[in-house]
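Make a model of this:
(one chain, ligands or ions: 1)
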Amino acid sequence: MNLQNKESKIVTKLKELAQKIKKHNILYHQKDSPKITDGEFDKLIKENNELEKKYPHLILKESPNNSLGAELSNKFEKIEHKVKMLSLANAFNKKDLEDFIDRINKFLNKNSSSKIYFISEPKIDGLSLNLYYQKGKLASATTRGDGSKGENVINNIINVKDIPKKLISSNVPKEIEIRGEIYLEKKDFFNLNSKLSENEKFSNPRNAAAGSLRQLDPNITKNRPLRFIAHGLGYSDKKYLSIENFYDDLKLWKIPLNKMIEKVDTINLMYNFYKKIENLRSKINYDIDGIVYKVNDYNIQNRLGFVGKNPRWAVALKFSAEKTSTKILEIDFQIGRTGAITPVARLETVNIGGVLVSNASLHNFDEIEKKDIRINDLVEIQRAGDVIPQVIKVIKKSKNRNNKITFPKHCPTCGSPTIKEDDEAILRCTNLNDCKDQIIGQLIHFSSKKGLNIDGFGEKQIKQFYELKFIKKIEDIFLLQKYENKIIDLNGWGNLSFKNLIIAINNSKNIDLDKFIFSLGIRYIGETISKLLAKEFLNINNFLQKINDKDRLLLIDGLGPKAINSLLNFFKRENNLITVNELMKNIKINDFKRINKLSFFTNKNIIFTGTLKKMSREESKYLAQQLGAKITSSVSKNTDFLIVGEKPGSKLKKAKELKINILTEEDWIKKTNQ
Ligand code: IVH
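Prediction:
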């Protein structure tokens, strides 16, 4: 064969390989339905790479090695929501609903006879979507993501007929975020599943909608009849007085609203609505899992604000959990990232309301004892929304009662002794350094959505790398590049997935202080407390310098003794300090940003004492925080203002001695407006 002939054959082969690799890449990464095994895919890559190495002058423009990088950027663009997307607190019965209303009345200092109107509507079991219109034109459609940033799936909703691409009317705001639920109707879910192979089928309409929305190939989404119902407002330059007002505009713009909305002002009307919709539930075309009640008046909503990530002005009253019975096959122990040992029941798989369940939590060992649960018992289990299914009670005891579950004296993973603290029902592993399951739990927490948010690096990949000793502690995640060759050769990995992982890790290297604190996985330090700490210490260096100052921690409103002890213990330990230091070398930790405008009280230490007449204590404290003040509890020379209500106690005396500025309630209210 002459050289030209030989080379043209190589080129043909390279073209064929490039085409095949591209096709299978799309099937794997974009359609989630690989048609060849990972081994076969890697073989194609190797064949291509060997030829390219041997004949570098024949490398094609469309070589898989050239296009791999380009395909990576094909992921969804991340966009910051103009106003955060939050979630709802849950209520489970009429009493919880009454408490919700009482809390609102107390906060607003209202007597229960004055009226507050609530908009009541079904809670759709779908996914929230934020539609952002600029000058009336749909500019992006983002998923909730972590609440601050979501993924722009606009290409996938272009064919959703419920979502207008243009708002046609004379009164369209320049910018508006319209929020709602994207979902699949029950019949469309069944229809879709009937066309999918056994292992492609979705377990419920919500998962099917999620899978359809996050498809990278819009052609697939086109054939999935996603629906949309609006239920909320994010940012808008047009100011609305009430939800009703806003909904009137939505009607004009032909954006669908729920057909079953009621405006109510008494607990009985609210509860009647719940009962009515619960009775209709099975006849409704889409899945609903409760009723949402929200304060109609936006002014009142603003005053009420938020507790953590839930608005104080809204609640979801959930329908009762779906229940069924099944047999316990085995009881295992799971060790969490803080060492908590939770018993888990492995079950004979059952279908609860369309979801297949094969594991359920048994909470703790006291519960097992109280309910006298044994392997082989027939038990009742329940599943409520996203919550892990739970074992409620034993329905039929197994004949053999010689298999009592005793709690392990040693950690089932690392063999260290276990302890049960006096005021806790939870059993813990005492190993603080090298219990495998704890470390894996920490790694999962660290890279999870609410932590560093490393896309595509979940439990499966973390366990794999841990077993192979590529990562032993969280800081090792940033050193994975050195295992490139080994990782690419692993089952389930290849060039593309490795590059994707490195990109995801690099994207995670810029993080806000509160998220960084949260990601460390310190016991009792959840999202809310992390935020409180970030607000208090403002930047990472200050945080690390002052975190051992117990007196300072005690002054932080909202930080209890358990959290304080946990923080002190965490930062006493040498290996934790090393971890934080190593992480700081790799990550840019952003200072806490005060979103609030500067006000008279910004950065001032203030204390309330005595009974306030006009504004409730809770509202005052909340408002003070919004204005950037720090609320402390005991008067010292660092106190800037003492705000005095009726019948003040010893704080007033002490403040006078220390010559602290004293404000009356009227002064306070006046100055909050400055
Ligand atoms: S109002 C602060 N109304 O439920 C959020 N939400 O955890 C206020 N949802 O993310 C939302 N149906 O996506 C509202 N009729 C409804 C809803 C609804 C479903 C979702 C929403 C939110 C989640 C709350």
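
which residues touch S530?
When contacts are counted by C-beta atoms under 8 Å, 6 or more residues apart in numbering, S530 touches D514, K515, I517, F518. From N, CA and C alone the C-beta is placed, and that goes for glycine too.

and of those residues, the nearest to I341?
F518 (23.0 Å; C-beta to C-beta).

Skip the chain neighbours and tell me the closest residue to the closest one.
S530 (3.9 Å; C-beta to C-beta, 6 or more residues apart in numbering).

what about whatever residue of the stretch 151-300 of the chain ends up closest to the ligand, is that helix, strand or coil?
In the stretch 151-300 of the chain, the residue that lies nearest the ligand is H231 (3.5 Å; C-beta to the nearest ligand atom). Classification of H231 using DSSP: H, G, I helix; E, B strand; the rest coil returns strand.

mind checking how far it is from G180?
Distance, H231 to G180, using C-beta to C-beta, to the nearest Å: 5 Å.

K6 too?
The value you get for K6 to G180, if C-beta to C-beta is used, is 61 Å.

So if I had to pick from these two, which one is more boxed in?
Between K6 and G180, counted using other C-beta atoms under 10 Å, G180 has the larger neighbour count: 25 against 11.

quick one, what contacts the closest residue to the ligand within the stretch 301-450 of the chain?
As assessed by C-beta to the nearest ligand atom, the ligand sits closest to P311 within the stretch 301-450 of the chain, at 4.9 Å. Applying C-beta under 8 Å, 6+ apart to P311 gives the contacts L86, L88, K294, Q301, L304, G305.

Just the buried residues of the residues you listed.
L86, L88, K294, Q301, L304 (16 or more other C-beta atoms under 10 Å).

Could you give the bridge partners of T664?
V644 (DSSP bridges).

Double-check it against L642; I have them as touching.
No. T664 lies out of contact with L642 (C-beta atoms under 8 Å); the separation is 10.4 Å.

neighbour-wise, which of those two wins?
Between T664 and L642, counting by other C-beta under 10 Å, L642 is the more crowded of the two (23 against 13).

Just confirm that one is within a helix.
No. L642 sits outside any helix when classified using three-state DSSP, being strand.

From E657, how far off is it?
11 Å.

Equivalent analysis for I168, please.
In this structure, I168 and E657 are 67 Å apart, going by C-beta to C-beta.

Kindly report the same for Q464.
64 Å.

Between the two, point out the one with more neighbours.
Shown here are Q464 and E657; by other C-beta under 10 Å, Q464 has more neighbours (16 against 9).

thought the more buried one was touching K486?
No. If you go by C-beta under 8 Å, Q464 and K486 don't touch, sitting 11.4 Å apart.

And the next helix or strand past the longest helix anywhere in the chain?
Criterion DSSP state H: the longest helix present in the chain is helix 3-25. Next in sequence after helix 3-25, counting helices and strands by DSSP states H and E, comes helix 38-54.

Against which helices or strands is that next one packed?
helix 3-25, helix 64-72 (3 or more C-beta pairs under 8 Å, 6 or more residues apart in numbering; DSSP states H and E).

Can you say which of those helices is nearest to I116?
helix 64-72 (50.5 Å).

for the record, mean pLDDT for the closest one?
Averaged across helix 64-72, the pLDDT comes to 51.

Let me see the mean pLDDT of stretch 89-103.
Per-residue pLDDT values over stretch 89-103 give a mean of 93.

Next, the buried residues of it.
Of all the residues in stretch 89-103, those buried under the rule 16+ other C-beta under 10 Å are A89, N90, A91, L97, F100, I101.

what's next to that stretch, contact-wise?
So stretch 89-103 is contacted by 112, 116, 267, 270-271, 274, 290, 293, 307, 310, 312, 314-318, 320 (C-beta under 8 Å, 6+ apart).

Please indicate which of these are buried?
Buried among the contacts of stretch 89-103 by 16+ other C-beta under 10 Å: 116, 267, 270-271, 274, 290, 293, 312, 314-318.

could I have stretch 209-222 exported to PDB, CA atoms only?
Extracted in PDB, the C-alpha atoms of stretch 209-222 (Å, rounded to 0.1, in the frame of the first residue of the first chain):
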ATOM      1  CA  ALA A 209     -40.300  16.600  35.300                       C
ATOM      2  CA  ALA A 210     -36.900  17.100  36.800                       C
ATOM      3  CA  GLY A 211     -35.300  14.700  34.400                       C
ATOM      4  CA  SER A 212     -37.000  16.400  31.500                       C
ATOM      5  CA  LEU A 213     -36.100  19.900  32.600                       C
ATOM      6  CA  ARG A 214     -32.400  19.300  33.000                       C
ATOM      7  CA  GLN A 215     -31.900  17.500  29.700                       C
ATOM      8  CA  LEU A 216     -29.000  18.900  27.800                       C
ATOM      9  CA  ASP A 217     -30.800  18.100  24.500                       C
ATOM     10  CA  PRO A 218     -33.800  20.400  24.000                       C
ATOM     11  CA  ASN A 219     -35.100  18.000  21.400                       C
ATOM     12  CA  ILE A 220     -35.900  15.500  24.100                       C
ATOM     13  CA  THR A 221     -37.600  18.000  26.300                       C
ATOM     14  CA  LYS A 222     -39.700  19.100  23.400                       C
END
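
does the closest residue to the ligand within the stretch 101-250 of the chain count as helix, strand or coil?
For the stretch 101-250 of the chain and the ligand, the shortest gap (C-beta to the nearest ligand atom) falls at S128, measuring 3.0 Å. Under three-state DSSP, S128 falls in the strand class.

circling back: closest one of the buried ones among the contacts of stretch 89-103 to T672?
R312 (18.1 Å).

picking up where we left off before, any chance of a markdown table for the helices and strands packed on helix 38-54, columns distance to the ligand?
A markdown table is the format used below for those (distance: least, C-beta to the nearest ligand atom, whole Å):
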| stretch | distance to the ligand |
| --- | --- |
| helix 3-25 | 33 |
| helix 64-72 | 29 |
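
closest to F457 out of those?
The nearest among the helices and strands packed on helix 38-54, by C-beta to C-beta, is helix 64-72 at 14.9 Å.

Distance from the helix or strand that comes right after that closest one to the middle of the chain?
Next in sequence after helix 64-72, counting helices and strands by DSSP H and E, comes strand 78-80. Centroid separation for strand 78-80 versus its chain: 15 Å, with C-alpha atoms, centre = their mean, to the nearest Å.

Could you name the helices and strands sitting against strand 78-80?
Counting by 3+ C-beta pairs under 8 Å, 6+ apart, strand 78-80 packs on strand 149-151.

just how off-centre is the strand it packs on within its chain?
With C-alpha atoms, centre = their mean, you get 12 Å for strand 149-151.

So for the helix or strand following that strand, what gets flagged as buried?
Next in sequence after strand 149-151, counting helices and strands by DSSP H and E, comes helix 154-157. For helix 154-157, the neighbour count (16+ other C-beta under 10 Å) marks I154, N156, I157 as buried.

Looking at the first one now. What's its pLDDT?
Residue-level confidence at I154 comes out at 94, pLDDT.

Apart from its chain neighbours, what residue comes closest to it?
On the basis of C-beta to C-beta, 6+ apart, the spatially nearest residue to I154 that is not a chain neighbour turns out to be A141, at 4.5 Å.

for K449, same thing?
Closest to K449 by C-beta to C-beta, 6+ apart is D146, at 5.5 Å.

how about that neighbour, what does it touch?
Per C-beta under 8 Å, 6+ apart, neighbours of D146: K449, K450, N453.
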